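Engineer: Predicted model and sequence below, questions to follow.
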Amino acid sequence: LSAGLAPGVSVGLCDSRGALHSEQAEVLSRLAVARLPGRTVGFAGANNLQMSFANSVAAVIEGVDLLDASVMGLGRGCGGCPVENLLCFLRNPKYKLRPALVALQDHVRPLHVADPTYFGLGPTGCPALPFLVAGTRNDDAADSVAWCNAGMRSDGARFLDFVRSKSRQCPTPRPRRREEEAPVVTNRHVV
C-alpha cells in the first residue's frame with residue numbers, strides 16, 4: 001500500500017461510487033492507517049446508499065485523520081457526508097456546530113424549499129433513485145446523471161432495468177485478485 005509514496009504524502013480513501021458498507025470502510029481504513037504510519041489518511045464517501053455518515057464514523061474510529069463533509073451533505077449526485085451530523089457525533093469542543101446550522105438554515109434550506117429537486121434530493125432527503133441504484137450496484141454515476149438530466153429522477157425501476165440490460169450487453173471485466181493481496185471485504189447485500 002505504501003510502495004512508491006514520498007514521505008509525508010497524504011492518502012485519501014474515496015468511496016466515489018457510494019457503494020461501501022461500514023464494515024468495508026472499517027477494514028480499508030484500518031489497513032491504510034496500519035500500513036502508512038506517520039502519514040495523514042483521509043476518507044471521503046459518496047452517499048448513494050445513505051452510508052457516508054456511518055462510513056465516516058467507522059473510518060475515524062479506525063484512526064483516519066481527515067473526513068470529507070459538507071453542509072447537508074451537498075455534492076455531486078446524491079452528495080456526501082453531512083457535516084452537521086459529523087459535528088454532533090465528534091463532540092469535540094474545538095468544532096462548532098452553530099455555524100454549520102446557520103449556513104444550512106439561512107443559505108441552503110431556502111434554495112431547497114424553492115426547488116426540492118435542485119440538489120438531487122427528494123422531499124424526504126433521499127437521493128434521486130438512479131444514484132441509489134448505481135451505488136447499490138457499484139456502477140459509475142454517469143448513467144445516473146444522464147437519467148436525472150432527462151427528467152426521470154423518480155423512475156428507479158426503469159433505471160434498474162436499463163442498467164441491468166446494459167450490463168448484459170456489455171459486461172465489465174472484473175480484475176482477478178491474488179490471495180496474498182489485502183483481504184477482500186465482500187458486500188453482503190446483493191441487488
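Structural biologist: Everything's here; your move.
Engineer: what stretches of the chain score poorly on pLDDT?
Structural biologist: 1-8, 112, 115-128, 170-191 (pLDDT under 70).
Engineer: For the residue positioned nearest the centre of it, give its distance to L129.
Structural biologist: Of all residues in the chain, the one closest to the mean position by Cα atoms, centre = their mean is A46, 1.7 Å from it. From A46 over to L129 the distance is 15 Å, taken as Cβ to Cβ, to the nearest Å. The C-beta positions use only the backbone N, C-alpha and C, and glycine is treated the same way.
Engineer: Tell me if I'm right that the residue nearest to the centre of the chain and A134 touch.
Structural biologist: No - with contact defined as Cβ atoms under 8 Å, A46 does not reach A134; the gap is 9.6 Å.
Engineer: what sits in contact with each of the two?
Structural biologist: Each of R17, G18, G77, A141 lies in contact with both A46 and A134 under the rule Cβ atoms under 8 Å, 6 or more residues apart in numbering.
Engineer: Of those, keep whichever come out buried.
Structural biologist: Applying 16 or more other Cβ atoms under 10 Å to these, the neighbour count classes R17, G18, G77, A141 as buried.
Engineer: okay, those in TSV with secondary structure and distance to S29 next?
Structural biologist: Converted to TSV, the buried ones among the shared contacts of A46 and A134 look like this (DSSP: H, G, I helix; E, B strand; the rest coil; distance: Cβ to Cβ, whole Å):
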residue	secondary structure	distance to S29
R17	coil	17
G18	coil	16
G77	coil	22
A141	coil	23
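Engineer: now, which of those sits nearest A54?
Structural biologist: A54 lies nearest to G18 out of the buried ones among the shared contacts of A46 and A134, by Cβ to Cβ, at 11.8 Å.
Engineer: The closest one contacts C78, correct?
Structural biologist: Yes - counting by Cβ under 8 Å, G18 touches C78, with 6.9 Å between them.
Engineer: list the residues that contact both of those two?
Structural biologist: Counting by Cβ under 8 Å, 6+ apart, the residues touching both G18 and C78 are A46, N47, N48, F131, G135.
Engineer: For the last one, grab the count of nearby residues.
Structural biologist: Burial of G135, expressed as a neighbour count using other Cβ atoms under 10 Å, amounts to 26.
Engineer: which one is it nearest to, not counting chain neighbours?
Structural biologist: Here the nearest residue to G135 in space, its sequence neighbours aside, is N48; by Cβ to Cβ, 6 or more residues apart in numbering that works out to 2.2 Å.
Engineer: where does E62 sit relative to M152, distance-wise?
Structural biologist: From E62 to M152 the distance is 38 Å (Cβ to Cβ).
Engineer: okay, the two: which has more neighbours?
Structural biologist: A direct count of neighbours by other Cβ under 10 Å for E62 and M152 places E62 higher, at 19 against 16.
Engineer: SS state for A58?
Structural biologist: helix (DSSP: H, G, I helix; E, B strand; the rest coil).
Engineer: Double-check it against L28; I have them as touching.
Structural biologist: No - using Cβ under 8 Å as the test, A58 is too far from L28 to be in contact (9.3 Å).
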